[in-house]
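[1] Sequence and predicted structure below; questions after.
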Amino acid sequence: MVQPVPTPPECPFPKRFPSQLVRDDAFFMSLAYNQAIDAWRQDEVPIGCVIERDGEVIALAHNTVEAAHDPTAHAEMLAITQAAAAIGDWRLENCTLYVTKEPCPMCSGATLMSRLKRVCYAVPDPKMGCLGGATNLNDLARVNHRLELTAGGVLEDECRLLLQAFFKLKRAAGEEAASLPAPTPLAKPTPPGPLGPLDSTRGV
Ligand SMILES: [Zn+2]
């Protein structure tokens, strides 16, 4: 079946252009933010992710759940797979993952299973976040790997604003569509009466 082409609300936020010379948390989170803007432009929930090792980006991805029809296609999952392929090892021991929103249960699990050194997220998620927001998988008593965690505070306002604006504009677009008059259903063909289609009682 042909899917309709998505028409995302126009993204009002520009991409960021951080200096390449200062490879700090804000630098890498800016790249994750730019990925989130790419997600928005494809009508995906604007969440972006970057993985760094030795000051270099080895993976960058954004949410593609809608386009891929895949509930596991979160930015972090895609970036972790990319990073493992880039270094030829599933253990991402010297890597830091930057993501614009706190990882969900699935992605929090993946950050532990991939043995990332550190996770830095911009916006805490008290509803679904599993690295400190709703709960913290990193605190499981018998887990054999601990992440270093930077929970919020790096481009937090910018990343939150991006998410909030996206959902607000999507809701507004949904309400606008709902307020349009419903298309007129096609008239059902009238079964012929005793006199056939020229039934005089209907004045035709
Ligand atoms: Zn996730």
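    Cool, got the structure.
[2] State the mean pLDDT of the lengthiest helix in the chain.
    If you go by DSSP state H, the chain has its longest helix at helix 156-179. Throughout helix 156-179, pLDDT has a mean value of 92.
[3] so what secondary structure elements neighbour it?
    helix 25-41, strand 95-101, strand 118-123 (3 or more Cβ pairs under 8 Å, 6 or more residues apart in numbering; DSSP states H and E). In this view, the C-beta of every residue, glycine as well, is placed from N, C-alpha and C.
[4] quick check: angle from that helix to strand 95-101?
    Calculated by axes from the mean of the first three to the mean of the last three Cα atoms, to 10 degrees, helix 156-179 forms an angle of 40 degrees with strand 95-101.
[5] And helix 156-179, what's buried?
    Residues Glu156, Glu158, Cys159, Arg160, Leu162, Leu163, Ala165, Phe166, Leu169 are the ones in helix 156-179 that count as buried (16 or more other Cβ atoms under 10 Å).
[6] now stretch 68-75
    In terms of neighbour count (16+ other Cβ under 10 Å), stretch 68-75 has its buried residues at Ala73, His74, Ala75.
[7] For the ion, tell me which of those residues show up nearby.
    Near the ion, judged by Cβ under 5 Å from the ion, the entries from these are His74.
[8] closest to Arg142 among the buried residues of stretch 68-75?
    Checking the buried residues of stretch 68-75 against Arg142 by Cβ to Cβ gives His74 as the nearest, at 25.9 Å.
[9] which SSE is the residue nearest to that closest one when sequence neighbours are not counted in?
    Excluding its sequence neighbours, the residue lying closest to His74 (Cβ to Cβ, 6 or more residues apart in numbering) is Cys107, at 5.3 Å. In this assignment (DSSP states H and E), Cys107 forms part of helix 105-113.
[10] so what's Leu163 up against?
    Val45, Pro46, Ile47, Thr100, Lys101, Val123 (Cβ atoms under 8 Å, 6 or more residues apart in numbering).
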